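>>> have a look at this fold, sequence not included:
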């Protein structure tokens, strides 16, 4: 790649993610000062220091106001008004916009107490400030995220005001201007709603953590480590690109930045081993975009799901992890098939060849050592906490610091990783590569430990991980210089370099957050309008009408809406808008069709298709960035990337119907089985889509692979055809059946009546004996339901207050029109057997064809 092309790519990332302006002089210093100040503020409110020192304590709402005030000022400084605007100076009008916009946000913080005393009754001053603020939010959205999201937000504002003049199907009584400003600006229902709250509390620290890792050299370390492990195999650079992008995606929320960061190195290497420009770019796009589905960050969606669904962060991570991992493994398999088809080789490896048995033994030994070390650390920390109580934190911090010093001493024995260009002809040594960046794993381990073991909040977990990374940035270079016994001048230069790296990382983290903060605010306008006008109920009726009550058609329509909106909306905004509009509809429609869909499955479904828009032509920016690196056609690159990403598009449909993939109510050993079977299923699907396994597939083998994948992922479909899942129970026997059934059984009730807003509904619900937040219910009468016979059903006469029945959603005057009990059936997993046998048969048949030379 030439320097010009690299500069152009960096310009693309800047224009999309952090603003296209490249300021100089005083303006640059002011921008850096504000960006660093924003980062320090976010670190402060996430830390325990305000409560320890009892100063600088902000409520969550106050923090949102300050957070968005920074974003509003910076967006008008960093993002020019048009492409023709001066990229090196800020115009007087932009300075005015920045000052006025930030003042409208600061107004809410300064007059917080007065506003709290007049809820719902804004004075003229409040309305004027709010109206100006709302207009400038739209302009900020246009600058930083483009016209589509700004237009959608404006449409919902106009819809709120012009409700009586709308077509009768979507008309409403209308919202006054005062009421609009109050709802959208002065409450936490619109701009300053849940989405911006998540941006303030969680997202900033994780984005900052990613910026710190990248500036410290962790991104280069991930790439080189992936290449040292996988580069020598067939199509090795492509496989390494998948792994490197996945590792980068762990802490990166931008697919475009991921493409440019890893792609400038991996794409030319893929070209060298035989991949076409379009296929090399497509592999990088597919792997980089999938970085957004990889926990723990998931492009901010993980934190939004916590707030929208009301489940712990650890549950979101647990549910999201398996599909993401399976998707990446299947992408590596796709890359392998492509490499086999084109006869691509790996990169030359000068290391000594080792047998597969020795490799497996080393891996197993390393796994056992890491497991033993993990258990030792876990019990040691538990022992220290139990023995020293409140003082344990100081001992733990001292132990981490000592471990870090020892690791740095080891790391200093190896040469630093260089920022290589694409001219890598010999693989880096794995041991040297790993050991030279071992300290980068420490903050990642701290993050995962705090989140999953200590069960800390995401904000506090990211604070400790970011603090560790800040410490590493400041000390890694000086300590290496000391351990390498360099001269005092070199050590002082290392101190200055580390400090410079820290400030640049803080600035980068803040600038990366500008677009995210504005996106969550603009999406909040849409969510606020939906709540204020009731359009959500109208859309539910429309979607149900067009889907004809069919849940599969409904899911397809939702997926298409995500793709269409995603052409102009960033992933986070796309997820917020579509989940607010359609997630409840999918759950409701599922109930009406007898399918109980967990809310986390619906939200992940929406999110998965939101990220697909970064791939899909004609607007997929990630495809354009990759095509620029590969010097290929962006449309062909996007289409190829979409083909590679079909496996990602399949998963959401599957986990709607088979929640085992999301590890919902499964044991750990069953989770391992599900992982293995699902991985094989996705490989079969990938083989069918790529028309290749060992040799080129016959047409019927492609169909067989698709059938195998479907059977392994959803065996219950075939079992339902052979054995009905429920046996009908006479209505009059509902109580006796419930009293006599076992814990593993449950009743499926079809309910006819009205919901809480008076709409007539017919839906299904499950009635178990183990009810969440209630515990075991022995007898039907303990449910709090009083039934009386009426016409062709059982009328719910009363529902006791705070009873299990009320918690399950039963309402007075609803009618139970049918009852079923889950049948005693063979295990649905029996259908795995013919699927595996068919897979083995195809494999050996292709192996025979290859050996006989009949591979065509």
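Yep, that arrived. Because the structure is a prediction, the values reported are computed rather than measured.
>>> and residue 150, helix, strand or coil?
Assigned by DSSP: H, G, I helix; E, B strand; the rest coil, the conformation of residue 150 is helix.
>>> and residue 748, by the same measure?
Reduced to three states with three-state DSSP, the structure at residue 748 is strand.
>>> and the closest residue to it other than its chain neighbours, how many neighbours does it have?
Closest residue to residue 748 apart from its sequence neighbours, by C-beta to C-beta, 6 or more residues apart in numbering: residue 820 at 4.5 Å. C-betas here are computed from N, CA, C, even on glycine. Residues within reach of residue 820, counting by other C-beta atoms under 10 Å, total 19.
>>> now residue 727: which helix or strand?
Counting by DSSP states H and E, the element that carries residue 727 is strand 726-729.
>>> coming back round to it: checking my notes, the residue nearest to residue 748 in a strand, right?
Yes - assigned with three-state DSSP, residue 820 falls within a strand.
>>> surely it and residue 726 touch.
Yes - assessed by C-beta atoms under 8 Å, residue 820 is found in contact with residue 726 at 3.4 Å.
>>> what's the overlap in contacts for these two?
Residues within reach of residue 820 and of residue 726 at once, by C-beta atoms under 8 Å, 6 or more residues apart in numbering, are residue 748.
>>> packing partners of the strand holding residue 727?
Contact here means 3 or more C-beta pairs under 8 Å, 6 or more residues apart in numbering; DSSP states H and E; on that basis strand 726-729 packs against strand 815-822.
>>> for the strand it packs on, what is the average pLDDT?
For strand 815-822, mean pLDDT rounds to 88.
>>> tell me the spacing between the residue nearest to residue 181 when sequence neighbours are not counted and residue 514.
Spatially, and ignoring its direct neighbours in sequence, residue 181 is nearest to residue 130 (3.8 Å; C-beta to C-beta, 6+ apart). Distance of residue 130 to residue 514, computed by C-beta to C-beta, to the nearest Å: 22 Å.
>>> same question, residue 814
From residue 814 to residue 514 the distance is 49 Å (C-beta to C-beta).
>>> more neighbours, those two?
Using other C-beta under 10 Å, the more surrounded residue of residue 814 and residue 514 is residue 514, with 27 against 23.
>>> how far off centre is the one helix or strand that one maps to?
Element membership for residue 514 (DSSP H and E) is helix 488-533. Computed by C-alpha atoms, centre = their mean, to the nearest Å, the separation of helix 488-533 from the middle of its chain amounts to 18 Å.
>>> check which helices and strands it is in contact with.
Taking 3+ C-beta pairs under 8 Å, 6+ apart as the contact cut, helix 488-533 packs with helix 25-46, helix 60-78, helix 124-145, helix 147-161, helix 194-198, helix 204-216, helix 458-483, helix 571-592.
>>> what's next to the shortest one, contact-wise?
Contacts of helix 194-198 from elsewhere in the structure, counted by C-beta under 8 Å, 6+ apart, are 60, 64, 67-68, 188, 300, 303-304, 306-308, 517, 520-521, 523-524, 527, 572, 576.
>>> okay, now the domains of this protein?
Residue ranges for the domains of the chain, per automatic domain parsing: 3-196, 379-485, 726-824.
>>> can you give me the helices for the stretch 151-300 of the chain?
Applying DSSP state H, counting those that start in this stretch to the stretch 151-300 of the chain gives helices spanning 177-181, 194-198, 204-216, 218-230, 236-249, 255-272, 277-289.
>>> which of the ones you listed sits most buried?
Greatest average neighbour count among these goes to helix 277-289 (a mean of 30), per mean count of other C-beta atoms under 10 Å.
>>> might you calculate how far that helix sits from the centre of the chain?
With C-alpha atoms, centre = their mean as the basis, helix 277-289 stands 19 Å off its chain's centre.
>>> next secondary structure after it?
Scanning onward from helix 277-289 (DSSP H and E), the first element met is helix 301-309.
>>> which outside residues touch that next one?
194-195, 197-198, 201-203, 206, 292, 295-296, 311-313, 316-317, 320, 458, 571-572, 575-576, 579, 583, 599-600, 603-604, 607, 610.
>>> any idea how far it is from the chain center?
Averaging C-alpha positions (C-alpha atoms, centre = their mean) puts helix 301-309 10 Å from its chain's average.
>>> again with stretch 214-222
21 Å.
>>> average model confidence for it?
Mean pLDDT, stretch 214-222: 85.
>>> quote the end-to-end distance of that stretch.
Terminal residues of stretch 214-222 are spaced 10 Å apart (C-alpha to C-alpha, to the nearest Å).
>>> equivalent analysis for stretch 101-117, please.
24 Å.
>>> looking at the helices and strands packed on helix 488-533, which is closest to residue 286?
Across the helices and strands packed on helix 488-533, residue 286 has its closest neighbour in helix 571-592 (15.1 Å, C-beta to C-beta).
>>> what's the angle from the closest one to helix 277-289?
For helix 571-592 against helix 277-289, the angle by axes from the mean of the first three to the mean of the last three C-alpha atoms, to 10 degrees is 70 degrees.
>>> which stretches in the stretch 551-700 of the chain count as helices?
According to DSSP H, counting those that start in this stretch, the stretch 551-700 of the chain carries its helices in the segments 551-566, 571-592, 599-612, 621-630, 634-644, 646-657, 668-690, 699-713.
>>> quick one: which of the ones you listed is nearest residue 747?
helix 571-592 (14.7 Å).
>>> averaged pLDDT, the closest one. What do you get?
For helix 571-592, the mean confidence score works out to 76.
>>> what's it packed up against?
Against helix 571-592 (3+ C-beta pairs under 8 Å, 6+ apart) you get helix 301-309, helix 488-533, helix 535-547, helix 551-566, helix 599-612, strand 760-768.
>>> and residue 669, how many neighbours?
8.
>>> scratch that, residue 173 is what I was asking about
Applying other C-beta under 10 Å, we find 8 residues neighbouring residue 173.
>>> give me phi/psi at it?
phi -70, psi -10 (degrees, to the nearest 10).
>>> quick revisit: including mean pLDDT and distance to residue 374, could the helices and strands packed on helix 571-592 go into TSV?
Converted to TSV, the helices and strands packed on helix 571-592 look like this (pLDDT from 0 to 100; distance: least, C-beta to C-beta, whole Å):
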stretch	mean pLDDT	distance to residue 374
helix 301-309	79	23
helix 488-533	89	29
helix 535-547	72	46
helix 551-566	80	38
helix 599-612	84	27
strand 760-768	77	36
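>>> burial measure for the nearest residue to residue 587 once chain neighbours are set aside, as a count.
The shortest distance from residue 587 to any non-neighbouring residue, by C-beta to C-beta, 6+ apart, is to residue 597 (5.4 Å). Using other C-beta under 10 Å as the criterion, residue 597 is surrounded by 22 other residues.
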